[in-house]
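Visitor: Quick one, what's the 3D model for this:
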Amino acid sequence: MSNTTMMTSSAGLNFQLLRCHRRKRIALQVKNKDIIVKAPYAVPLQYIENLVVLKKQWIENIQSKQQLATRYQNQLARHGQVWFFGKLTPLIVNEGKRSLVTVGKHDIVVTLSARKTLSDTTESMRVKKLLEGWFKQQAEVFLTDKMACFSRQTNLLPNNLYIRQYKARWGCCDNRGHIKLNYLLMMLPESVIDYVIIHELCHLKFLNHSADFWNLVESFLPDYKMEKRWLKEHQHYLTWTTD
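Guide: A predicted model of the protein is given here:
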């Protein structure tokens, strides 16, 4: 059994307190404007309020980062935006005879084939599906050419290249010499795409992240740390959702 109560700390922070008999530890979560505390019934209320006050700065920092991420994330809907080659590009959605995606000078245009009026959610899912197909088409040409070019330069040759969508990785290399790349790499700057490809190629020689591995990466891409930093700093913006 559980019980949920809305509370206000002495620091003026409103939070949701979720009590549960099965819970053994306190958990503090921040989801944009919502602060959620999950706690066992045995933990005194005063202790919980003190914890929220103590964590005020941490909570506000997390909220600020989440709000910033929302502002710069992909918004796969009408009047939205999408990352393409490292730039957050306006997304224009309109209707036409057939569904397609085109790149303008300053935007990406998604044309939906004319149908009966759709809900916002249904339309966003159609936009997302079209963009996924389009990104994959772009990636199959661009990433395949890039891989061939860097394979020649590095003399590191994968046995197979697969281009797919992955939820939690940009690329990977296995012990059979197969390299898999995420077609959503097309969201990244070209220099960062280069880093990811070289990173995976170097795993053909060192299937780890040892000093020898990073030295090999650096020998092919001296400024790799800058590209690696870009990826780390922008990772939370590059979510792929219609929410």
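Visitor: which regions of the protein lie under the pLDDT threshold?
Guide: 1-2, 115-121, 242-243 (pLDDT under 70).
Visitor: per-domain residue ranges of it.
Guide: 2-72, 80-237 (automatic domain parsing).
Visitor: Given the longest strand seen in the chain, what are its sheet partners and their directions?
Guide: What stands out as the longest strand in the chain, according to DSSP state E, is strand 87-96. Partners of strand 87-96 in the sheet, by DSSP bridges, are strand 80-84 (antiparallel), strand 108-113 (parallel).
Visitor: related to what we said a few turns ago, turn the domains of the chain into CSV, including mean neighbour count.
Guide: Quick note: C-beta positions are derived from backbone N, CA and C, even for glycine. Shown next, in CSV, are the domains of the chain (neighbours: other CB atoms under 10 Å):
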stretch, mean neighbour count
domain 2-72, 14
domain 80-237, 16
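Visitor: before we move on, the earlier item: got the CA positions of the longest strand of the chain in PDB?
Guide: This file holds the C-alpha atoms of strand 87-96, laid out as PDB (Å, rounded to 0.1, in the frame of the first residue of the first chain):
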ATOM      1  CA  LYS A  87      22.300  22.400 -35.800                       C
ATOM      2  CA  LEU A  88      18.900  22.700 -34.200                       C
ATOM      3  CA  THR A  89      16.900  23.200 -37.400                       C
ATOM      4  CA  PRO A  90      13.200  24.500 -37.600                       C
ATOM      5  CA  LEU A  91      10.800  21.700 -38.500                       C
ATOM      6  CA  ILE A  92       7.900  22.700 -40.900                       C
ATOM      7  CA  VAL A  93       5.000  20.300 -41.300                       C
ATOM      8  CA  ASN A  94       2.400  20.700 -44.000                       C
ATOM      9  CA  GLU A  95       0.100  18.600 -46.200                       C
ATOM     10  CA  GLY A  96       0.500  17.500 -49.800                       C
END
